[in-house]
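Trainee: Got a predicted structure here, sequence first:
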Amino acid sequence: SGEVVVSGLGKSYGAARVLSDVNLSMNEGEVVSIIGPSGAGKSTFLRCLNYLEIPTEGEISIGGAHVVAGGKLPDKASLDHLRRVTGMVFQSFNLFPHLTVMENITLPQRKVLGSSKEQAEEVANKLLKQVGLPDKAKAYPARLSGGQQQRIAIARALALSPKVMLFDEPTSALDPEIGLEVLAVMRDLADEGMTMLVVTHEMHFARDVSNRIMVMGNGGVLEIGPSEQVMSEP
Ligand code: ADP
Ligand code: ADP
């Protein structure tokens, strides 16, 4: 149920048209990198998929959730479902600074899933191992490097068992060598079959890890195709 079908997606801010007629179909387990210049609409597109921005028109089916965009929020049940099946990771890690790593990862499970403390901590410990930080449960975010914080942000997003992961320039705020440890976690996730949409400037990731590359410009899709094909063009 990790499929994604987006059709005719559009977004305007008043008279300013930021996205128009964006279409995308992804199979479960597919990884698509989104590239393009600043202002192309990449971030807005990603944020429309889980209604952090409200799309003006189009339809979205993602991870089993379906919404028809009408410029307003869908009913609460649809919105909750949409947010449950999509995990999002931002450029700035957005961890809660006053909570420990363990509390950051368990809070969404307790609030959204109603998990017990023990259940949530068991899941969190597995995820901390998965992102290579099994001994950081008690640390506060400020004590961690940017790369470690971003890996915790990935663990937190995974804690709700999303069907599709959305990444918005996850390594752009990091030094290149620190970014590599985050990209390694993302590569593992892709190998495990997670459906992923990744806005990125990392051309190695786009070419080597993603199945397809979508090139955006001017609020639309300029091109989409197999990674080797898109990257080999002059
Ligand atoms: P990208 O991620 O490709 O850099 P964005 O999605 O951030 O592009 O932005 C696309 C366009 O939408 C830009 O021209 C930006 O100025 C505009 N935009 C983004 N948010 C708003 C907003 N709240 N109101 C008006 N215009 C916006
Ligand atoms: P980023 O590239 O990291 O997304 P931006 O500077 O593009 O950062 O956007 C920061 C915030 O400002 C976002 O919430 C975006 O929606 C908003 N924004 C961007 N462009 C505009 C604009 N032209 N008018 C109003 N809000 C905008």
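Mentor: Looks like it arrived, so ask away. Ligands and ions are numbered 1, 2, ... in the order given.

Trainee: What residues does the protein have near ligand 1?
Mentor: With C-beta under 6 Å from any ligand atom as the criterion, the chain meets ligand 1 at residues 13, 16, 18, 36, 38-44. In short, each C-beta sits where N, CA and C put it, glycine included.

Trainee: Show me these that map onto helices.
Mentor: In helices, defined here by DSSP state H, the members of the residues of the chain next to ligand 1 are 42-44.

Trainee: In this structure, which helix is the longest?
Mentor: Ranked by residue count, the top helix of the chain under DSSP H comes out as helix 176-191.

Trainee: What are the contacting residues of that helix?
Mentor: Residues outside helix 176-191 that contact it (C-beta atoms under 8 Å, 6 or more residues apart in numbering) are 31, 130-132, 145-147, 150-151, 154, 158, 165, 167, 170-171, 174, 196, 198, 202, 204-205, 209-210.

Trainee: what separates the residue most central in space within the chain from ligand 1, distance-wise?
Mentor: What sits nearest the mean C-alpha location of the chain, by C-alpha atoms, centre = their mean, is L166, with 1.4 Å. Remark: distance between L166 and ligand 1 (C-beta to the nearest ligand atom, to the nearest Å) = 13 Å.

Trainee: Using just helix, strand and coil, how would you label that residue?
Mentor: Here L166 takes the strand state, with states given by DSSP: H, G, I helix; E, B strand; the rest coil.

Trainee: and what of G58?
Mentor: Classification of G58 by three-state DSSP places it in strand.

Trainee: what residues are up against the spatially closest residue to it that is not a sequence neighbour?
Mentor: Among residues not flanking G58 along the chain, L9 sits closest, at 3.5 Å (C-beta to C-beta, 6 or more residues apart in numbering). Taking C-beta under 8 Å, 6+ apart as the contact definition, L9 lies against 19, 21-23, 45, 48, 55, 57-60, 69.

Trainee: Among those, which one sits closest to H81?
Mentor: I60 (11.6 Å; C-beta to C-beta).

Trainee: contacting residues for the closest one?
Mentor: 5-6, 9, 48-49, 66-67, 69, 82.

Trainee: Make a markdown table from those and add pLDDT to it.
Mentor: Below are these laid out as a markdown table (pLDDT from 0 to 100):
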| residue | pLDDT |
| --- | --- |
| V5 | 98 |
| V6 | 98 |
| L9 | 97 |
| C48 | 97 |
| L49 | 97 |
| H66 | 95 |
| V67 | 94 |
| A69 | 90 |
| L82 | 94 |
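
Trainee: could you flag which of those are buried?
Mentor: Among the contacts of I60, those scoring as buried are 6, 9, 48-49, 67, 69, 82 (criterion: 16 or more other C-beta atoms under 10 Å).

Trainee: In JSON lines: those, plus secondary structure.
Mentor: Formatted as JSON lines, the buried ones among the contacts of I60 follow (three-state DSSP):
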{"residue": "V6", "secondary structure": "strand"}
{"residue": "L9", "secondary structure": "strand"}
{"residue": "C48", "secondary structure": "helix"}
{"residue": "L49", "secondary structure": "helix"}
{"residue": "V67", "secondary structure": "strand"}
{"residue": "A69", "secondary structure": "coil"}
{"residue": "L82", "secondary structure": "helix"}
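
Trainee: could you dump those residues to TSV with distance to L107?
Mentor: Output for the buried ones among the contacts of I60, formatted as TSV (distance: C-beta to C-beta, whole Å):
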residue	distance to L107
V6	30
L9	31
C48	25
L49	23
V67	26
A69	29
L82	20
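
Trainee: Only the buried residues of the helix or strand where S7 lies, if you could.
Mentor: Applying DSSP states H and E as the criterion places S7 in strand 4-13. For strand 4-13, the neighbour count (16+ other C-beta under 10 Å) marks 4, 6, 9-11 as buried.
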